[in-house]
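>>> Give me a model of this one.
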Amino acid sequence: MASKAEIGWVTQSEEGERFEHFARHVGKKWRFFVRQRRFDQWQAVENPPIEDWLELLAAVRRRVVRRLYQPDDVDRLLRMIRERFPESDVE
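Now for the predicted structure:
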């Protein structure tokens, strides 16, 4: 079972390949991982794309409603995204 500090989602590439992603909150950082199949090893993603950050942001916002995260966590995550992607228009 995943811990509270882990959030996962599934994406599909343009070729139709399925990928599983998850992000783990460790200290003040978020670490991202990806794998293609269920029994493959998780691979760390050093520089995740903005799409992964936005997926994480949406998941954290959903968890704030259920009181699993605090509203301050959303603010911190938004600040991290804006630092990494200053050209993005994230709100």
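
>>> For the rest of this, base every contact and every neighbour count on C-alpha atoms.
Will do.

>>> Next, the most centrally placed residue in the chain: phi, psi?
A centroid search over the chain (Cα atoms, centre = their mean) returns Leu56, at 3.2 Å, as the residue closest to the centre. Main-chain torsions, Leu56, degrees, to the nearest 10: phi -60, psi -40.

>>> before we move on, what about Glu20?
Backbone torsions of Glu20, given as degrees, to the nearest 10, read phi -100, psi 140.

>>> pretty sure it is touching Val10, no?
Yes. Applying Cα atoms under 8 Å as the test, Glu20 and Val10 come out as touching, 4.6 Å apart.

>>> Figure out the helix or strand that Asp73 lives in.
Under the assignment given by DSSP states H and E, the secondary-structure element containing Asp73 is helix 71-84.

>>> Could I get the contacting residues of the residue nearest to the centre of the chain?
Remark: with contacts taken as Cα atoms under 8 Å, 6 or more residues apart in numbering, Leu56 is in contact with 7, 23.

>>> quick revisit: show me which residues of the helix holding Asp73 are buried.
74, 77-78, 81 (16 or more other Cα atoms under 10 Å).

>>> again with stretch 43-50
Using 16+ other Cα under 10 Å as the burial criterion, none of the residues of stretch 43-50 qualify.

>>> the strands in this structure, which residues?
6-12, 18-26, 29-35, 43-45 (DSSP state E).

>>> For Val60, find the nearest of those strands.
Evaluated with Cα to Cα, these place strand 6-12 nearest to Val60, the distance being 8.2 Å.

>>> Run through the neighbouring helices and strands of that closest one.
With contacts defined as 3 or more Cα pairs under 8 Å, 6 or more residues apart in numbering; DSSP states H and E, the packing partners of strand 6-12 are strand 18-26, helix 50-65.
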